[in-house]
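Undergrad: A predicted structure for the sequence below; I have some questions about it.
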Amino acid sequence: MIFLYTYFIAPILWLLFKIGALFFSELRKRESVISEFSHHKIEKLPNEKVLWVHAASMGEFEQAKPIIEYLREIENDNKTIIVTFFSPSGYEHQKNYPFADRITYLPIDTFGTMEQFVAHLQPTVVLFVRYEIWPNLLLVLAHKSIPYFFVNATYPHSWFWDSIGQSFLKQLLTNAEGIYTVNEKMYSKFIQLVSTKNVHRSADTRIDRIVEKVRSHQSEEWYKIPQKPVLILGSSWEAEENLLSSVSTSIREKFHIIIVPHKPETVNIQRLQSLFEDTLFLSQLDQNSILFNEVVIVDSVGKLLSLYSKATVAFVGGGFGRCVHSTAEAIAYGIPVLCGPNIEKSPDATDFEREGVLTLVRTKEDIELILQKVLNDTEWMLSIRQRIEKILQPSIGESKRIGEIVRTFLH
């Protein structure tokens with residue numbers, strides 16, 4: 001399997017990217033960023049250590065940030081921190097992240113390319129976030145005796161890794177210095193494949209970041225919230241928007257509704273205006289605006305976490321598509337959260353649903369039932385808050401714990 005991947009699969013992948021760069025500007029830009037990075041020597045002091053953190057995209061990098069920032073906070077001068085992404089959405093949004101010294105793309109995983117890339121970086125230790133398994137890169141690191149860890153480790157879900165690639169996966173994971181699983185379910189999956197000395201029970205380090213944001217957050221006052229419970233539809237897609245619009249008007253009018261579309265583009269904004277009466281854009285409002293029954297549509301990005309501080313209940317989008325978006329950001333505020341049924345690829349959502357603080361909905365009746373409980377069942381609302389506190393408490397401080405383990409390699 002190693003021979004097949006190294007000499008056939010990886011070179012074909014490399015060739016496809018090279019051909020794609022001839023036609024797609026996004027791939028050309030990716031190649032340009034890697035080339036520029038590779039031609040500039042990494043400046044560091046004698047005996048300075050290099051921490052390399054790799055994340056596929058922006059969501060995974062949110063799980064790495066608490067570890068990076070903890071290490072930066074306690075030791076700022078004796079290490080270089082390099083961050084790589086595979087996805088343009090990660091690189092473009094995080095390329096100016098202030099706690100990293102260098103940020104670039106990860107090259108295509110051919111053995112020769114990875115040998116050159118690792119030689120250029122000269123990492124002391126490497127962190128991979130979630131399920132970033134690049135076989136040739138891992139083989140190069142193992143060959144050079146460079147320790148690597150998986151944090152927030154999530155077992156890769158695919159036919160290949162679950163069948164003919166399983167022995168290959170076992171070899172790659174066995175060489176890891178440590179695998180810190182995102183939850184108990186993933187711990188059980190990994191220990192079936194790898195020695196227990198490599199696998200450790202852990203938790204989602206993003207919880208630290210979210211809890212810190214919640215605790216330190218200064219809520220912005222865009223307008224005067226009506227004296228009603230607040231329902232926020234966050235990161236919404238068409239399926240959630242249609243479902244909420246079908247909820248009985250007699251129930252909906254008892255809530256102040258704020259809709260934050262996943263993509264606040266013109267076509268989506270217009271669709272929302274056609275679904276809901278009396279809509280206003282957030283950009284139209286100021287602190288003196290007084291609302292009554294209007295539905296507020298958020299027509300910009302970056303507001304959702306702040307808005308969740310206003311919420312009595314949240315309906316998170318994505319659960320009728322490939323996978324629900326982050327539910328942890330809303331749940332950290334101690335409120336009941338709803339989403340569609342597709343949560344299998346989200347470890348935090350599956351945990352929250354199992355613990356009874358996340359409710360899966362499929363029909364308008366499902367939503368109406370929960371909204372009635374929000375309106376009428378104060379004991380249930382209190383129990384949700386208490387359960388959330390109990391769930392989140394063990395995860396707080398996980399990034400510090402992992403950071404201390406990584407720190408031992410940076411001395």
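TA: Sure thing, it's come through. Keep in mind it's a predicted model, so treat the numbers as computed, not measured. Numbering: from 1, shown residues only.
Undergrad: now the strands: where do they sit in this structure?
TA: Here the chain has its strands, by DSSP state E, at 49-55, 79-85, 102-105, 125-129, 148-153, 178-181, 199-200, 230-236, 256-261, 279-281, 295-297, 313-316, 337-339, 358-360.
Undergrad: what pLDDT does the closest residue to I74 other than its chain neighbours get?
TA: With Cβ to Cβ, 6 or more residues apart in numbering as the criterion, I74 has its nearest non-adjacent residue at 7.5 Å, and that residue is R407. All C-beta atoms are positioned from the backbone trio N, CA, C, and that covers glycine. If you check R407, the pLDDT there is 90.
Undergrad: isn't R407 right next to E73, touching?
TA: No - between R407 and E73 there is no contact under Cβ atoms under 8 Å: 11.3 Å.
Undergrad: And the two? Which one has more around it.
TA: Per other Cβ atoms under 10 Å, whichever of R407 and E73 has more neighbours is R407, with 19 against 11.
Undergrad: Would you mind giving the domain segments of this protein?
TA: In the assignment given by automatic domain parsing, the structural domains of the chain cover 2-202, 220-394.
Undergrad: Could you check how far M381 is from Q227?
TA: Counting by Cβ to Cβ, to the nearest Å, the separation of M381 from Q227 is 17 Å.
Undergrad: Please say which of those two ends up with more neighbours.
TA: A direct count of neighbours by other Cβ under 10 Å for M381 and Q227 places M381 higher, at 19 against 7.
Undergrad: Model confidence score at that one, please.
TA: In the prediction, the pLDDT value recorded for M381 is 96.
Undergrad: Go through the domains of the chain and name the closest to V214.
TA: Closest to V214 of the domains of the chain, according to Cβ to Cβ: domain 220-394, at 4.9 Å.
Undergrad: In the helix ranked longest in the chain, which residues are buried?
TA: Criterion DSSP state H: the longest helix present in the chain is helix 58-74. Buried residues in helix 58-74, defined by neighbour count with 16 or more other Cβ atoms under 10 Å: 58-72.
Undergrad: for the record, mean pLDDT for that helix?
TA: So the average pLDDT for helix 58-74 ends up being 89.
Undergrad: Repeat that for stretch 32-48.
TA: 79.
Undergrad: and the domains of the chain as CSV, adding distance to H411?
TA: Converted to CSV, the domains of the chain look like this (distance: least, Cβ to Cβ, whole Å):
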stretch, distance to H411
domain 2-202, 8
domain 220-394, 29
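Undergrad: hey, least reliable of these by pLDDT?
TA: domain 2-202 (a mean of 87).
Undergrad: correct me, but R362 touches N342?
TA: No - using Cβ under 8 Å, R362 is not in contact with N342, being 10.5 Å away.
Undergrad: what about those two, which has more around it?
TA: N342 (16 against 12).
Undergrad: check contacts around that one.
TA: By Cβ atoms under 8 Å, 6 or more residues apart in numbering, the contact set of N342 is G318, G319, F320, G321, R322, C323, V324.
Undergrad: Please tell me how far the fifth one sits from K254.
TA: Right, the one you point to is R322. In terms of Cβ to Cβ, R322 sits 32 Å off from K254.
Undergrad: Quick check, central residue of the chain?
TA: Centroid check for the chain by Cα atoms, centre = their mean gives G59 as the closest residue, at 2.6 Å.
Undergrad: ok now do that residue, which residues does it touch?
TA: Residues in contact with G59 (Cβ under 8 Å, 6+ apart) are S326.
Undergrad: now swap in the one 4 residues further on and tell me
TA: Contact criterion Cβ under 8 Å, 6+ apart gives A55, V129, R130, V151, N152, D204, T205, R206, R209 as the residues in contact with Q63.
Undergrad: can you pull out the helices in the stretch 1-150 of the chain?
TA: Taking DSSP state H, counting those that start in this stretch, the helices of the stretch 1-150 of the chain run over residues 2-4, 10-23, 25-38, 58-74, 88-94, 111-121, 135-143.
Undergrad: The stretch 301-411 of the chain too?
TA: Here the stretch 301-411 of the chain has its helices, by DSSP H, counting those that start in this stretch, at 304-308, 328-331, 347-354, 364-376, 378-392, 398-407.
Undergrad: Quick one: closest of those helices to S246.
TA: Comparing those by their distance to S246 (Cβ to Cβ), the top pick is helix 364-376, with 4.5 Å.
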